[in-house]
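Chemist: Coordinates for the following, if possible.
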Amino acid sequence: MAKKPTTATKKEIELFHTWLATEDPLSIATHLYVDADAVFSAALLSVLKPDAQVLFVPADSEIEDTRTLGVDISNGKQAIKGLDVGSAFGLLVIGMKSIDKPVYRALRRWAHQLNLTDSGEGCRDGVVLAELVKAWRSLGLGDEGCFERAKELVAGKIKTERSDNKQKQLAKSVKITNGVAVISNGSKIRAAHVFNQGAKILVRESEVGHSLMISKQLVKKGVKLTELAPLLEKKDWFVHPAGFIACYGSVKSPKNFRESGFNLQEIVRFATTWLLSHVDSGSIKIHTR
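Modeler: Numbers count the residues shown, from 1 in each chain. Predicted coordinates:
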């Protein structure tokens, strides 16, 4: 997807942008007996334009109506095939890069996959989108059913990307003291984003319990929470054998954090003391911001 777009690709992207900027009523057309490129392209357009009607037409149909965008169809001035990119879906995703970066980032790997498989090339991904369509058909789903499943996946992927972007911004406001970050206000922030801000330990207090998590950097240096097992396990905490997390309660097994045996300040205190002991020994370094 990093190749310089050809004239044909630029023309198709312009066609896509023009359709996207057109007010409803709109329609989306793709061919009957949908394959992965057809169904995921139609699904993406439907997520972007939820009120647009979706039509399944013969593959040799000519799409001429300016309010209709044909995807994975070759004929007509309103048809997009994405031949120079590799797939219609790949072209649509490229077209989103200048309009909505989160959508582009969310779907670019799927687009790369379809660019390969739709061009007859091999793909080593664990889950291939083309195989999903085959599986749906094996369950007896027709074009409409496959489309609805694909739309759920596309919508979910985009929603996840937007949520992840929000979490990255929230992580910047998390206070880090002596390498220890604390989240106790119910904020949903991935630990990785907090560690990227320089934290070595993340302490959480939430409706599902208390937890401690350490960065991959610490684990790679041999610093593991299993060192705290004698303190934590007698309070019925779970300490993962790999040493990267310890918790009293989780989303999989919620518990009352008030019954964890420690209050938040106590957890922060012993976690900080433990971390600084490794700093003093020279095994790790922490940076304040």
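Chemist: Report the mean per-residue pLDDT for the host helix or strand of Arg162.
Modeler: Using DSSP states H and E, Arg162 sits within helix 143-171. If you average the pLDDT over helix 143-171, you get 97.
Chemist: quick one: buried residues of it?
Modeler: For helix 143-171, burial by neighbour count (16 or more other Cβ atoms under 10 Å) applies to 143, 146-147, 149-151, 154, 157-158, 161, 167-168, 170-171. In short, each C-beta sits where N, CA and C put it, glycine included.
Chemist: which one of those is nearest Lys188?
Modeler: Gln167 (6.8 Å; Cβ to Cβ).
Chemist: Let me see the ranges of the strands in the protein.
Modeler: Counting by DSSP state E, the chain has strands at residues 27-31, 53-57, 68-71, 79-80, 176-177, 180-183, 201-206, 209-214, 238-239, 245-248.
Chemist: CA-only coordinates of the third one in CSV, if you can.
Modeler: So that's strand 68-71. Output of strand 68-71 as CSV, limited to C-alpha atoms (Å, rounded to 0.1, in the frame of the first residue of the first chain):
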residue,chain,number,x,y,z
THR,A,68,-24.4,4.8,-6.7
LEU,A,69,-20.9,3.5,-6.1
GLY,A,70,-20.1,0.1,-7.5
VAL,A,71,-17.3,-1.8,-5.7
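Chemist: So which elements touch it?
Modeler: helix 7-20, strand 27-31, helix 36-48, strand 79-80, helix 88-96 (3 or more Cβ pairs under 8 Å, 6 or more residues apart in numbering; DSSP states H and E).
Chemist: For Lys255, find the nearest of the strands of the chain.
Modeler: strand 209-214 (4.3 Å).
Chemist: name the helices or strands packed onto the closest one?
Modeler: Applying 3+ Cβ pairs under 8 Å, 6+ apart, we find strand 209-214 packed against strand 201-206, strand 245-248, helix 264-280.
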